[in-house]
Every structure is written in structure tokens, then in C-alpha cells.
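> Pasted the sequence and its predicted model underneath.
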Amino acid sequence: MFTGIIEHVGRVRAVRRAGAGGRVEIDLGPLAEGASRGDSIAIDGACLTIAQLAGTVAAFDAGAETLSRTTLG
């Protein structure tokens, strides 16, 4: 079983629902330096892809299935 490695604990900046899915914005702090759009990052155990990056804040889109099957919902 892979337990993962926590490199940073980010701060949630915004959560916006859009239909059955939504968008989560998280301040990546020092991890933003090496991050870019399209990178995958584990957020509370769910692997999400950076949809937008502005400074240190990354936006992730989560679909209905992700929200219903993870703690993100």
C-alpha cells in the first residue's frame, strides 16, 4: 500500500460548485515554484490536475464522480 509523502499542507482559498462538479482553489505555497498547468497533485487523497495557476494558487476541477467517491464532496 502506498502511503504517500506529504510535502506541504496547502490552504483552501475557494470552493465553487458548478452543476454536479466544482472547482477548488488551493494555495500551494512553496510547491507552486515547480508546478505547472496539467500537473497532478494529491488533494486529500484524490489526484487532481491543475487547471489554472496564478502565483501560488492552483485551481482544480473536480467532476461529480470525484466528489461522490472522495472526501472532497
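Ah, there it is.

> any low-confidence regions in the chain?
1-4 (pLDDT under 70).

> change it to 80
1-6 (pLDDT under 80).

> Could you pull out the strands in it for me?
11-18, 21-27, 40-43, 46-54, 57-62 (DSSP state E).

> could you redo those as CSV and give each row distance to residue 73?
From N, CA and C alone the C-beta is placed, and that goes for glycine too. Converted to CSV, these look like this (distance: least, CB to CB, whole Å):
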stretch, distance to residue 73
strand 11-18, 10
strand 21-27, 9
strand 40-43, 12
strand 46-54, 10
strand 57-62, 8
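
> Skipping adjacent residues, who's closest to residue 70 in space?
residue 46 (4.3 Å; CB to CB, 6 or more residues apart in numbering).

> quick one: the one you found and residue 66 touch, right?
Yes - using CB atoms under 8 Å, residue 46 is in contact with residue 66, at 6.0 Å.

> Number of residues surrounding the residue lying closest to residue 8 once chain neighbours are set aside?
Spatial nearest neighbour of residue 8, excluding adjacent residues (CB to CB, 6+ apart): residue 31 at 4.9 Å. Residue 31 has 16 neighbours, counted by other CB atoms under 10 Å.
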